[in-house]
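> The following comprises the amino acid sequence and a computationally predicted model.
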2 protein chains.
Amino acid sequence: MLTELEGAILSDMFHRGRDTAFKIRRAFAESPSLEWKGSAGAVYSAIRRMEHRGLVLAVPLDDARGTKRLSVTDAGRDALHDWACDPARSASVGIDPFRLRSGIWLTLDAPERASVLRAIRNAIEQSIAAHKAYARLHDTIEGASIDLSLRLQKARIAWLDAIEGEETEER
Amino acid sequence: MLTELEGAILSDMFHRGRDTAFKIRRAFAESPSLEWKGSAGAVYSAIRRMEHRGLVLAVPLDDARGTKRLSVTDAGRDALHDWACDPARSASVGIDPFRLRSGIWLTLDAPERASVLRAIRNAIEQSIAAHKAYARLHDTIEGASIDLSLRLQKARIAWLDAIEGEETEER
DNA sequence: TTACTCATGTAACAAGTTACATGATTTA
DNA sequence: TAAATCATGTAACTTGTTACATGAGTAA
């Protein structure tokens, strides 16, 4: 079984054609959707792990800096497929920082709640703008993921609208 | 700075009045929304960590099994507040297993894609049912989180509808 | 030749999982 | 008194983060 990071790395290699650890790392660091920092420790060791399991092939180039051309083996392709198509994991809600905090916001007194929610709404708008800018640059293959991020952010805005609506009614 | 698990534990203690490590563990294990398994290793060590930082107070009862009554200190309350109200973290999209896989599903050939998406849609419907059942039992304070989980799942269903719609049009 | 980008990593640490061990208290 | 529940944890492991070190290739 692959971890979430392993699956994401393998997918990056297989579907986006990124073929060095550095490129994968950078892609993660730049993507607004992915939470991982592209931290070297995680990426390099995940790749090494998958290499040992025969999921990834690393062929050194004749290159003084020791660049390794990465590719996904047949076994790797199968593992990626199983990881991607597992319905239980696909349908699980994940760890959502917004959802985790939502109950707490409702315990704040009205003026503070209003100001906190305003700041959060603002941060969401910024995130939406960043996703749209990123989509313009990258397009195509990551489209689905970006589309879903936008849908998530819009659902959060709708929730914020709903609780603010309730508040106004209560007056 | 609190981790997501530390924040969730502190919130559980402060807002839901759960006052032993065991109760917190069990609550996590039972909740359909939270990804954490309520694994003892994580919960006990997070609590010990927060105790050392002065965020949590653990008072042993005169109890042969060494039960400790947990409570959140003033410093803990402040830390929880800061954690909950940080707009950048609140607005971040988190690690969403569905989103992470979505691009891959679109690369599958039509018949397989249809069957995979059907299975996933099914799992989502089940998750929705589980959340509703859980809401009926627990109500009130966790309502916001459950509401948001339902909104997420509905947004996913809407996305599935959208891509299936596209497919039909293409014919 | 200077600066930037590409590319490799490691070491120390923090956080979370899994599987197990232990026993007290309560309820049927 | 047997079973269920409440309650403590630890140990070995895996995973991910942070901060750093090193140097090659390329474009100005």
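Thanks, I have it.
> any idea which element A:Leu160 lies in?
Secondary structure from DSSP states H and E places A:Leu160 in helix A:143-170.
> Give the buried residues for that helix.
Within helix A:143-170, the residues scored as buried using 16 or more other CB atoms under 10 Å in any protein chain shown are A:144-153, A:155-156, A:159-160. C-beta coordinates here come from the backbone N, C-alpha and C atoms, glycine included.
> Show the average pLDDT along it.
Averaged over helix A:143-170, pLDDT sits at 90.
> re earlier: make TSV out of the buried residues of helix A:143-170 and add distance to B:Ala21.
Output for the buried residues of helix A:143-170, formatted as TSV (distance: CB to CB, whole Å):
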residue	distance to B:Ala21
A:Ala144	41
A:Ser145	37
A:Ile146	40
A:Asp147	41
A:Leu148	36
A:Ser149	35
A:Leu150	39
A:Arg151	37
A:Leu152	32
A:Gln153	35
A:Ala155	34
A:Arg156	32
A:Trp159	31
A:Leu160	34
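> which ones among those residues come in contact with DNA strand D?
Among these, no residue is within reach of DNA strand D (CB under 7 Å from any atom of the strand).
> helix/strand/coil for the residue nearest the centre of chain A?
Central residue of chain A (CA atoms, centre = their mean): A:Leu34, 2.4 Å from the mean position. At A:Leu34 the chain is in coil, as set by DSSP: H, G, I helix; E, B strand; the rest coil.
> That one reaches A:Ala8, doesn't it?
Yes: at 6.8 Å, A:Leu34 and A:Ala8 qualify as touching, with contact defined as CB atoms under 8 Å.
> Overlap in contacts, those two.
Here A:Leu34 and A:Ala8 share the contacting residues A:Phe28, B:Leu100, scored by CB atoms under 8 Å, 6 or more residues apart in numbering or on different chains.
> Leaving out chain neighbours, which residue sits closest to the residue nearest to the centre of chain A?
Ranked by CB to CB, 6 or more residues apart in numbering or on different chains and with sequence neighbours excluded, the top spatial neighbour of A:Leu34 is A:Phe28, at 5.3 Å.
> gap between the one you found and A:Ala42?
Per CB to CB, to the nearest Å, A:Phe28 is found 9 Å from A:Ala42.
> try A:Gly94
18 Å.
> try A:Ile120
According to CB to CB, A:Ile120 and A:Ala42 sit 28 Å apart.
> Show me which of A:Gly94 and A:Ala42 is the more surrounded one.
When A:Gly94 and A:Ala42 are compared for neighbours, A:Gly94 comes out ahead with 20 against 17, by other CB atoms under 10 Å in any protein chain shown.
> give me every residue that touches that one.
Applying CB under 8 Å, 6+ apart to A:Gly94 gives the contacts B:Glu35, B:Gly94, B:Ile95, B:Asp96, B:Pro97, B:Phe98.
> What is the neighbour count of A:Arg49?
Counted with other CB under 10 Å, residues neighbouring A:Arg49 total 15.
> Likewise for A:Ala27?
19.
> Which of the helices or strands spans it?
Applying DSSP H and E as the criterion places A:Ala27 in helix A:21-30.
> So is that helix next to DNA strand D?
No: with CB under 7 Å from any atom of the strand as the measure, helix A:21-30 is seen stopping short of DNA strand D, the closest distance being 8.4 Å.
> Would that helix count as contacting DNA strand C?
Yes: contact of helix A:21-30 with DNA strand C (CB under 7 Å from any atom of the strand) involves A:Ala21, A:Phe22, A:Lys23, A:Arg25, A:Arg26.
> Would you tell me whether stretch A:137-152 gets close to chain B?
Yes: for a cut-off given as CB under 8 Å from any CB of the partner chain, stretch A:137-152 has contacts with chain B, namely A:Ile141, A:Glu142, A:Gly143, A:Ala144, A:Ser145, A:Asp147, A:Leu148, A:Ser149, A:Arg151, A:Leu152.
> Am I right that the fourth one is in contact with B:Leu100?
No: A:Ala144 sits out of contact with B:Leu100 when judged by CB under 8 Å, with a separation of 10.1 Å.
> Give me the contact list for the helix holding A:Ala27.
Helix A:21-30 is contacted by residues A:8-9, A:12-13, A:16, A:18, A:34, A:36-40, A:43-44, A:47, A:68, A:70 when judged by CB under 8 Å, 6+ apart.
> mind listing what the residue nearest to the centre of chain A touches?
By CB under 8 Å, 6+ apart, the residues touching A:Leu34 are A:Ala8, A:Phe28, B:Ile95, B:Leu100.
> quick one: which of those sit in helices?
Of the contacts of A:Leu34, the ones assigned to helices by DSSP state H are A:Ala8, A:Phe28, B:Leu100.
> how much space between the first one and A:Leu80?
Read it as A:Ala8. Shown here: A:Ala8 relative to A:Leu80, a distance of 10 Å by CB to CB.
> looking at this, A:Leu70 is in a helix?
No: per three-state DSSP, A:Leu70 lies outside any helix segment and is strand.
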